[in-house]
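Here is my input; please provide its structure:
(chains A and B)
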Amino acid sequence: MPMKKWEISSLQAGWLIAGTVALTGHALAVTLFMRAGGRDTWLAGILAMPFGALGLWSIAKLANIFPGKTIVEYLPKIFGYAGYPLAWIYPLFYLTTVVFTLRMTTDWLVDSILPETPSWVMSLLYMLVVLYCTWGGLDVLARVNQFILPLLTMLGLTVSFGTIGSKDYKLLLPMFEFGLGPVIAVTVMGLGDLGEMSVAAAFSAYVRPKDRPKLSKAFLYALIYEVITLTGPIAGSISTLGYRVARAMPYPTFQHWLMVSFARFFERTDLLVVHQWLAGAYVRTGLFLLMSSDGFTRLTGTRQHLKWIMTGLGLLAVLLGEVAFPNKPVFDAFIGYVYLPAAAILGIVLPPVFLVVAYLRGMHRQNKGWSPGA
Amino acid sequence: MPDNPSLNQSLEANKKLLKQAFATHRGMIFRELTIPAPGGQTRTALLVFAEAETDNMRLDTFVVRPLLEGDSPGYIGGSLAPSPVPMKKLNDAIGFVTRGKVLFQVEGTTEMFAVEVSNLPHRQIGMPETESGINGPKEAFTEHLIINLTQMRRRLPGKFLKIESLFIGTEAKLEAVIIYVEGKPTQTMIDTIRQRLNKVTQDGVQDVTELAEAVADAPLTLFPSIMLSERPDLVCHYLMGGRIAVMVENSPRALVVPAVANDFFTSSDDWYEWRPFVAFLRALRYLAFLIAVPLPALYVSVTTYHLQALPTQLTLSLLAQREGAPLPPPIEALVMTLIFEILREAGIRLPRTIGPTVSIVGGLVIGEAAIRSGITSPAMVLVVSATAVATFSLPSTTLANAATYTRFVVLALASTFGFFGLLLGYLLVITILASTTSLGVPYETPFFPLRPKFLPVSFGVQPRPPKSTGGTPSPKKTNQAEDYQEG
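The predicted structure is shown next:
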C-alpha cells in the first residue's frame, strides 16, 4: 500500500482521535463511570484533562523526535531490545479495542433494534464495510471521519438542546457529597478514556512532515472536544434523570433521545441513536484495526502483506468478539478492570516516560527541527 | 514485409508500398507530375491524396503549382503555405492521407512529405443538446477538432491558453489535445494526463468518453470522477479554475479533470445566474441527492422492521393502506423502483417529442392502476415518485446513474437488516466517496478535506472577481489544483 495513502494532515489527526474515543465515554463505559462516580461522574473528564494533555503532548513530541516512525518502531530505539516486548503490547491493545467495540456494538443492536438477528452476522457485515474503508489507508479513514464527526456532533447538540426543558442542573450539585472517593475513582476511569486518545494518537507518524509541528495544537483541540463531549452527555443524563436512575440504566446517555420529538408528531427519534453508535464505532474500529495491522506488520516485517493481515485481523476480531465476550457483565468487568487501566497506563503514564528517556538519551538532538519548546 | 515499413526509400519503392497499402481503399489518387529539375532537366513527382477529403484549390495552390514552378520539396509554396512534414513510416503516411493531407515525393530523393490540404466534411456549430441553458452562450462543440479549438481560443485569447497535441492508438492514430491555462494546474497533473493518454493503445476511438477510463484515477468508480461538456464556454470556465481538458478528433465533447463531487451538482446555468439563487439551487440539488438515494430504503426499513419509529396515526394509516397488498414492502419497493427505471429508460430512448410524454403518462397510468388493483400502496407510489423527481433534479446524468445504482444497494441492505442495513449502506457510500479521487484530488474537496476558501465557490456565492487588468494570471495566486491537494 503506497505511503501516500496513509498521509494525513494535523487537522485530520485531531479530528480522528476526537472521533475515535468519543464512543467510550458516551456508550461503552458510561455505566461504569456512573456506578463509580455517582453524582460526581460529570467531573471525570474535567479532572482527568491535565493528565490527558500530558499524554497527548508527549505523543506529539515523540512524533517530532522520531519523524515518520510509529510507536512500535521508536520504542526499540529508545529502550533497545527491552523496547520490543513493549512494542508488541500496543498492537495487541489496538486489536483488543477492535474486538470489544465490535462485539459491544452488535450486542447493543441485537438488544435494541434487531433481536432476532445473530450478532455474528452483523459483526461480519460491519467488519466487511470497515475493511473496505481501511484498505483505502489512513487518508480515506480520516476523510470519512471528517464527514461523520460533524454530523455526530450536530445530532448530539440537537438532542442536548432539545431536552433542555427537561433538565434540572441543580441535580449535579452538591459536589463531593460522598467525599473524594467516588471522584478519584471516576477520575481514574476518565484517565483511561483520555489515555485512549493518546494511544490512538500513536498514528502521528503518518502526519505530513510540514504538519507535525502543529500536532500539539491539534491534539489540544481534540482533547477539549473530547472533554466537552464526555462531560456534556453525562451531566445531561444526571440533570435529566437524577444520578440514581441514570446509574441504574445500561446506557443513560441515550435516554435523552426518547425525550426529543419533532413537531409533537415524530416522537420516536431514538432510532437516530443507531446512527450515532454505528458511525462512531465505524471510525473507531477502522482506526484501531489499521493501527493494529500496521503495528504487527512492522514488527514482523510483513508490511507488503498489510491488506491480507488486516483482513485476517478483522475476521479474527469478529470471531474473538463472539467467543471472548459472551455477555454485558463480562464486557463491564473487562472494561473496568483491564481496558481502562491499560489505556491509562499506555496512553498517559508511559508516553511521558518514553519522552523523558528519549530526551535523556539525546535523541531529540538527532532531529534538528525539534526543540523542547516547539 | 514489416508491419510498419520505413518510407526513406526511392520514389518507386514508396509508390509500391503505398499502392499495396491503399489497394482496398476507394478514392485514393496517385498522380505523377513532370516537374522541372536543375540544369534544364525534368523529373517525376508523385502525389498521393484522398479525393473526397482534399481541397483541390489548396492542393493546387500549396503543392502542385509550387512543384511545377521548381520549388524545393522541403519548402514549397512560400511562407504562407502549411509546412511540409517529412514522413518516416508507412502507417503515419496512411493516417495523414486519410485525414485529407497530400503526400508527395520527388524522383531522386528518399524523403516523402505531407502537406495539409484537407477539406473534411463537418457539421456546423450548433446549439448544445444535453447542456442547454437559458443564459449564457449557445454554442456547442462539433466533431471537428480544429473548429473546437478555435472556439476555445476565441474565448480565452492570449498566450496563457496551452494546447498540447498527441496521437493515441497504435495503428489508426487519432489526434488528441490536452488543453489548460498556464500556471493553473500543477505540472504533475499535466504530466499525469499526458502519460495516461500516451498509454492508450485502443485504435478507432470514436468519442472522448472512450478515454474516460484511461484518464480516471480508478477505471471502475461508482461516482463519476470525470466531467464531460459539449459547451466551450463551460470548458473555459473550468480551465480558468485550474482544470485540464482533453479533446479528440471526431468528438463533440471535452473531458475535464479533475472533477470533484460538487461539480456534478453544478448546472450550466449556474455560471450565469444571480449568485445567491445559485447557492439556493445548489443546496436543493444536494437535498435531492439525499432523497434520491436512501428514501425507498428508509421507507422499507421503517415499515418492515421499525414501525415503532413512526407516529401511531401514521402507522395505522400505512397498515390500512397495505391491507391486502400481495407483496412485502422490500419486494414491492424493488418492483416499483425497477418499473420507474424502465420508464426512465423508455423516455430516453424514444424520440424527444414523445419520450417525456410516455414517461409521465406511463408513470401516472401504471401508478394509478397499481394502486386501484391493490398491487401496491399509495405510500409506496409516493415514495417512488418522490425518488424519481429527486433523481431528475440532478443536473448530471452520470451522477443520476450513480444515485440509481447506490439506491439499489442501499435498498437491498435495508430490506435485509432494516435501519442497520441502511446505515451500513450510508457508511459504504461515504467510504466510496472518501476513496474516490480525480487526478489525485479528493472527491469531496472542498468539504472533506476542508478548504474554507473554496466553500463559497462551491455554493456559488463567491462575489464576482474584479475586472482583469490583462496579462497572464499569476501562477502563484491561481494554483488552485495544488491547493486542493494540500492537507
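
is it true that B:L343 touches B:G363?
Yes - assessed by CB atoms under 8 Å, B:L343 is found in contact with B:G363 at 5.6 Å. In this view, the C-beta of every residue, glycine as well, is placed from N, C-alpha and C.

which intervals of the stretch 1-150 of chain A have sub-threshold pLDDT?
In the prediction, the stretch 1-150 of chain A carries residues with pLDDT under 70 at positions A:1-4.

what does it have sitting close to chain B?
For the stretch 1-150 of chain A, the residues found near chain B under the criterion CB under 8 Å from any CB of the partner chain are A:7-12, A:109, A:113-114, A:117, A:122, A:125-126, A:129, A:132-133, A:136, A:140-141, A:143-144, A:146-148.

Okay, and which of those map to helices?
Among these, the residues falling in helices (DSSP state H) are A:10-12, A:109, A:122, A:125-126, A:129, A:132-133, A:140-141, A:143-144, A:146-148.

What is the burial count for residue 168?
Since no chain was named, I'll use chain A. The criterion is other CB atoms under 10 Å in any protein chain shown. On that basis, A:D168 has 10 neighbouring residues.

Please refer instead to chain B.
The burial count for B:I168: 23, using other CB under 10 Å.

Ok, B:R372 next?
Residues contacting B:R372 under the criterion other CB under 10 Å number 8.

same check, this time on the one 10 residues further on
The number of residues packed near B:L382 is 13, by other CB under 10 Å.

Excluding sequence neighbours, find me the nearest residue to residue 294.
Picking chain A for this. Once flanking residues are discounted, A:D294 sits nearest to A:T70: 6.5 Å by CB to CB, 6 or more residues apart in numbering or on different chains.

my bad, chain B
With sequence-adjacent residues excluded and distances taken as CB to CB, 6+ apart, B:P294 is closest to B:V410, at 5.6 Å.

so the one you found makes contact with B:Y426?
Yes - counting by CB under 8 Å, a contact exists between B:V410 and B:Y426, whose distance comes to 7.4 Å.

who's more crowded, these two?
Neighbours were tallied for B:V410 and for B:Y426 using other CB under 10 Å; the higher tally belongs to B:V410 (26 against 22).

if I look at that one, how far off is B:S393?
Taking CB to CB, to the nearest Å as the measure, B:V410 and B:S393 are separated by 19 Å.

do B:R99 as well
B:R99 sits 43 Å away from B:S393, taking CB to CB as the criterion.

before we move on, what about B:N135?
Look at B:N135 and B:S393: by CB to CB, they are 19 Å apart.

More neighbours: which of these two?
Neighbour tally, B:N135 and B:S393, criterion other CB under 10 Å: the higher count belongs to B:S393, 17 against 12.

which residue sits closest to the more buried one, ignoring its sequence neighbours?
B:A288 (4.3 Å).

Let me know the average pLDDT across whichever strand or helix holds that neighbour.
Taking DSSP states H and E as the criterion, B:A288 maps to helix B:275-292. Averaging pLDDT along helix B:275-292 yields 89.

Give the other helices and strands that it contacts.
If contacts are counted by 3 or more CB pairs under 8 Å, 6 or more residues apart in numbering or on different chains; DSSP states H and E, helix B:275-292 sits against helix B:378-392, helix B:397-435.

All the helices of the stretch 151-300 of chain A, in order from the start?
Listed in chain order, the helices of the stretch 151-300 of chain A (DSSP state H, counting those that start in this stretch) span residues A:181-200, A:215-241, A:243-248, A:272-300.

What ranges does the stretch 201-350 of chain B have for its helices?
Shown for the stretch 201-350 of chain B, the helices assigned by DSSP H, counting those that start in this stretch span residues B:212-215, B:232-240, B:275-292, B:295-304, B:312-321, B:329-349.

in the fifth one, what's buried?
Spelled out, it's helix B:312-321. Within helix B:312-321, the residues that qualify as buried are B:L318, B:Q321, counting by 16 or more other CB atoms under 10 Å in any protein chain shown.

by contact count, what packs against it?
Using 3+ CB pairs under 8 Å, 6+ apart, the elements in contact with helix B:312-321 are helix B:378-392.

shouldn't the residue nearest to A:D294 be in contact with A:F296?
No - counting by CB under 8 Å, no contact exists between A:T70 and A:F296, whose distance comes to 11.2 Å.

What's the separation between B:T142 and B:P232?
According to CB to CB, B:T142 and B:P232 sit 10 Å apart.

which neighbours do those two share?
Shared contacts of B:T142 and B:P232, defined by CB atoms under 8 Å, 6 or more residues apart in numbering or on different chains, are found at B:N148.

And these two? Which one has more around it.
Per other CB under 10 Å, whichever of B:T142 and B:P232 has more neighbours is B:P232, with 25 against 19.

Skip the chain neighbours and tell me the closest residue to the more buried one.
With CB to CB, 6+ apart as the measure, B:Q151 is the residue that lies nearest to B:P232, at 4.2 Å, once sequence neighbours are left out.

Doesn't that neighbour lie inside a helix?
Yes - membership of B:Q151 in a helix is supported by DSSP: H, G, I helix; E, B strand; the rest coil.

Return the residues in contact with it.
For B:Q151, the contacting residues are B:I125, B:E139, B:F141, B:P232, by CB under 8 Å, 6+ apart.
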